[in-house]
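>>> need a 3D model of the sequence below.
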Amino acid sequence: MLLEKKVVVVSGAGPGMGQALARIAAREGAKVVLGARSAGFIEAVASDIRAAGGEAIAVPVDVGDAGQCHALAAAAIDAFGTITGLVNSAYIHGAWTTVDQADPDDWAKVFDVNCLGALRMTQAVLPAMQAAGGGAVVNVATMSQVSPFPGEGGYASAKGALATMTRHMAQDFGRWNIRVNAARMGWIGGKPVYDYIDREVAAGADRDALVAGITARIPLGVIPPEEDCAKSLLFFLSDYAKMVTGATLDVNGGQYMAP
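Residues are numbered from 1 along each chain as shown. Alright, predicted model coming up:
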């Protein structure tokens, strides 16, 4: 299996791609550590994984707190002996507003979770990866960094900082055989996006027209399913990506194609 003998931490394993990624990683042979603030949700996902024959634990974590990040890493090591993979997918969006009306304090909170949270979580697992002789980190970024979407200035700026930090991590961690890559996500066909569509429909939008408007900008013609998006990230955790570090992969069905 793709991730046999791997121990993978998924931060931000809430509804949406995070939980899908954790489930697929377990099916591919990884032992999975789910981290998020929603303790009940991640425990339910971990229970599902165990019921299907996989190995998983759930550890509530707020990536804004370095102590909680280190506690998650310690729990992972207690359960599985090591950590070889980390997916930094924890995020908050912040206010939907144009940049001229943005609240710097709101942006600071978004940066603290989306960028510095990934730094805290990576620093927490770093000693285990060093002891293991290597590992892989995947930072989840957004297409809005390069293709602006109205109201996402703070969120995209924080994720842009995360993408820059990815390259510095790759440079600094290479001496320990630790690879660090980023995935720039577009529309993801999961609960958050479908909840957005439901809200728009409730406000009077036509569902078919709304979905058609989204998919018209995507060459593959679909809202990328969360399971397929998750698989792209899991590639970075696998040995098939042993010589890939400091890279950014666009996962968006072709809506944005990097030059």
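
>>> pretty sure Leu126 contacts Ile178?
Yes. Under the contact definition of C-beta atoms under 8 Å, Leu126 touches Ile178, with a separation of 7.5 Å. Using the backbone N, CA and C atoms, a C-beta is placed for each residue, glycine as well.

>>> ok, Ile92 to Asp62 distance?
Taking C-beta to C-beta, to the nearest Å as the measure, Ile92 falls 11 Å from Asp62.

>>> sorry, slip of the keys, the one I care about is Lys191.
21 Å.

>>> now do Ala30
Taken as C-beta to C-beta, the spacing of Ala30 relative to Asp62 amounts to 24 Å.

>>> the more surrounded of these two?
Here Ala30 and Asp62 are compared on neighbour count by other C-beta atoms under 10 Å; more neighbours surround Ala30, at 29 against 15.

>>> doesn't Leu21 make contact with the more buried one?
No. Look at Ala30 against Leu21 with C-beta under 8 Å: they stay out of range, at 10.2 Å.

>>> confirm Leu34 sits in a strand?
Yes. Assessed with DSSP: H, G, I helix; E, B strand; the rest coil, Leu34 lies in a strand.

>>> what is the burial count for it?
Should you count by other C-beta under 10 Å, Leu34 turns out to have 33 residues around it.

>>> can you check Phe173 too?
Phe173 is surrounded by 22 other residues when neighbours are defined as other C-beta under 10 Å.

>>> next up, the contacts around it.
Residues in contact with Phe173 (C-beta atoms under 8 Å, 6 or more residues apart in numbering) are 126, 137, 179-180.

>>> please redo it, this time with the cut-off set to 10 Å
Residues counted as contacts of Phe173 (C-beta atoms under 10 Å, 6 or more residues apart in numbering) are 122, 126, 129-130, 134-137, 179-180, 245-246.

>>> just the ones in strands from the residues you listed, please.
Residues of the contacts of Phe173 located in strands (DSSP state E): 135-137, 179-180.

>>> can you list the buried residues in the host helix or strand of Arg120?
Counting by DSSP states H and E, the secondary-structure element that holds Arg120 is helix 116-132. Counting neighbours by 16 or more other C-beta atoms under 10 Å, one finds that the buried residues in helix 116-132 are 116-122, 124-126, 128-129, 132.

>>> and what of stretch 174-182?
For stretch 174-182, burial by neighbour count (16+ other C-beta under 10 Å) applies to 178-182.

>>> of those residues, closest to Phe149?
Ala182 (18.1 Å; C-beta to C-beta).

>>> list the contacts of stretch 38-51.
With C-beta under 10 Å, 6+ apart, stretch 38-51 has contacts from 10, 12-15, 18-20, 22-23, 25-27, 30-36, 54-61.

>>> now intersect those with the strands, please.
With strands defined by DSSP E, the entries of the contacts of stretch 38-51 inside them are 10, 31-36, 55-60.

>>> ok, longest helix in the chain?
Looking across the chain with DSSP state H, the single longest helix is helix 153-173.

>>> what's the average pLDDT for that helix?
Confidence for helix 153-173, expressed as mean pLDDT, is 98.

>>> and the angle for it with helix 116-132?
If you take axes from the mean of the first three to the mean of the last three C-alpha atoms, to 10 degrees, helix 153-173 sits at 20 degrees to helix 116-132.

>>> okay, buried residues for helix 153-173 please.
Judged by neighbour count (16+ other C-beta under 10 Å), helix 153-173 contains these buried residues: 153-163, 165-167, 169-170, 173.

>>> ok, now stretch 205-224?
Judged by neighbour count (16+ other C-beta under 10 Å), stretch 205-224 contains these buried residues: 211, 214-215, 218, 223-224.

>>> any chance of CSV for those, columns distance to Ser232, secondary structure and pLDDT?
Conversion of the buried residues of stretch 205-224 to CSV gives the following (distance: C-beta to C-beta, whole Å; DSSP: H, G, I helix; E, B strand; the rest coil; pLDDT from 0 to 100):
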residue, distance to Ser232, secondary structure, pLDDT
Val211, 22, helix, 96
Ile214, 19, helix, 96
Thr215, 19, helix, 97
Ile218, 15, coil, 97
Ile223, 15, coil, 97
Pro224, 9, coil, 97
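
>>> fine by me, thanks again.
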